[in-house]
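Enquirer: What would the 3D arrangement of this be:
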Amino acid sequence: MPPKIQQKSKEQKMQAAMAGGKGKKKKWSKGKNRDKVDNKVLFGKDQWERFNSEVPKMKLITVSTVVEKIKINAGLCRRALNEMCDNGEIRAVCVTRAQRIYTRNISEEDEEE
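Expert: Purely as a prediction, here's the structure:
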């Protein structure tokens, strides 16, 4: 038989329980904060030139891709894409209430080749 280990008294058990119970209190995290984007509400001269030069060359044109690339407001982007589509510079693939998808306008001569 193994040797007997002397048990602690009630007072000793109570003190041990009181001493070890409280550690550091859990702190609430601040959460993930996104950086505030500063998109332009009106076209500047350089942004208008970039818009007219880059957008018609893109394969997939959506509001979000243009907003990311040119740093303009989404409402401004939607209006500009509508105007560009009306002028025939780009072609609408799918226009719904939620998402507008355009593609570059490929001339008929390029399609035959």
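Enquirer: got the contact list for the residue lying closest to residue 88 once chain neighbours are set aside?
Expert: What sits nearest to residue 88 in space, not counting adjacent residues and going by CB to CB, 6 or more residues apart in numbering, is residue 105, at 6.3 Å. Backbone N, C-alpha and C define where each C-beta goes, glycine included. Residues counted as contacts of residue 105 (CB atoms under 8 Å, 6 or more residues apart in numbering) are 56, 88, 89, 90, 91.
Enquirer: same check, this time on residue 41
Expert: The contact partners of residue 41, by CB under 8 Å, 6+ apart, come to 72, 73, 76.
Enquirer: The first one: how many residues sit nearby?
Expert: What that stands for is residue 72. Other residues near residue 72 come to 23 when the count uses other CB atoms under 10 Å.
Enquirer: gap between the closest residue to it other than its chain neighbours and residue 70?
Expert: If the residues on either side of it in the chain are set aside, residue 72 comes closest to residue 40, at 5.1 Å by CB to CB, 6+ apart. Applying CB to CB, to the nearest Å, one obtains 8 Å for the distance of residue 40 from residue 70.
Enquirer: circling back to that earlier point, in CSV, list the contacts of residue 105 along with pLDDT, distance to residue 97 and neighbour count.
Expert: Formatted as CSV, those follow (pLDDT from 0 to 100; distance: CB to CB, whole Å; neighbours: other CB atoms under 10 Å):
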residue, pLDDT, distance to residue 97, neighbour count
56, 94, 25, 15
88, 92, 24, 8
89, 93, 23, 15
90, 94, 20, 19
91, 94, 20, 13
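Enquirer: So which of the residues you listed is the closest to residue 11?
Expert: Checking the contacts of residue 105 against residue 11 with CB to CB, the nearest one is residue 90 at 83.5 Å.
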